[in-house]
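Colleague: no sequence for this one, just the structure:
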């Protein structure tokens, strides 16, 4: 006869597993001591959890180090590639890259961070360390500023975002990476309120500063992505990958 696991115990186990998996953000491999320090959990609990995750293929063990396993990669790749927002945006992202020759990003908000759903880069891509699934503080990225400006609570904390809302364009100049800058526009209803995502281009800073005309194709792509995404959702659009973020700003 199967023993029923109390709901509270199951929840606690899931929370511990989430803590352990979160330490691998960025793809680095870590040893047991590093994972214990980052999670704050007892060493014995972390070791048991890691061994269970290894058996499930969520984590891989090589020598005395651990990293994300193939199952996590499969699930993460599936979540991104089947996301309806990314699917609706892809043709416009490719057009924007062809038109500008810049690196193109599609991002959504997760709390006070940005998560990238797509990156199209060409020859410049290797020079910029961003990656699909990677995250960055929203206030230090053009994509993040473009989305934050659409929320009144964010503008109260950062009045400089008012200009971003009024112009529909956000800039980032060497805040994330030395030598590079970005231009972004929000993806959402006209009027600059409650953006569901943002699109940006990234290029060497001298080009971003000198070629102000680059903002126009960015805004064009953002508007087209919104139309495509809204149509794909039957006129009601909200990206499923975004957690509620208004309370955390």
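Modeller: Great, that's in hand. Being a predicted model, the structure only gives us computed values, none of them experimental. Residues are numbered from 1 along each chain as shown.
Colleague: Please make it C-alpha for all contacts and neighbour counts, starting now.
Modeller: Noted.
Colleague: Nearest residue to the middle of this structure?
Modeller: The centroid of the chain falls nearest to residue 115 when counting by C-alpha atoms, centre = their mean (0.6 Å).
Colleague: Which of the three states applies to that one?
Modeller: strand (DSSP: H, G, I helix; E, B strand; the rest coil).
Colleague: helix or strand right after the helix or strand that contains residue 144?
Modeller: The secondary structure element spanning residue 144 is helix 142-148 (assigned by DSSP states H and E). As assigned by DSSP H and E, the chain's next helix or strand after helix 142-148 is helix 152-157.
Colleague: Pull out the buried positions in that next one.
Modeller: In terms of neighbour count (16 or more other C-alpha atoms under 10 Å), helix 152-157 has its buried residues at 152, 154, 155.
Colleague: quick one: contacts for residue 108?
Modeller: Contacts here follow C-alpha atoms under 8 Å, 6 or more residues apart in numbering; on that basis residue 108 touches 114, 115, 116, 117, 144, 147, 196, 197, 198, 241, 242.
Colleague: Can you tell me which of the buried residues of helix 152-157 lies closest to residue 90?
Modeller: For residue 90, the nearest member of the buried residues of helix 152-157 is residue 154. The distance, counting by C-alpha to C-alpha, is 28.2 Å.
Colleague: unless I'm mixing things up, that closest one is touching residue 145, no?
Modeller: No - counting by C-alpha atoms under 8 Å, residue 154 stays clear of residue 145, with 9.4 Å between them.
Colleague: Overlap in contacts, these two.
Modeller: Counting by C-alpha under 8 Å, 6+ apart, the common neighbours of residue 154 and residue 145 are residue 161.
Colleague: what about residue 197, distance to residue 122?
Modeller: 22 Å (C-alpha to C-alpha, to the nearest Å).
Colleague: between the two, who's got more neighbours?
Modeller: More neighbours sit around residue 197 than around the other of residue 197 and residue 122, counting by other C-alpha atoms under 10 Å; the figures are 30 against 13.
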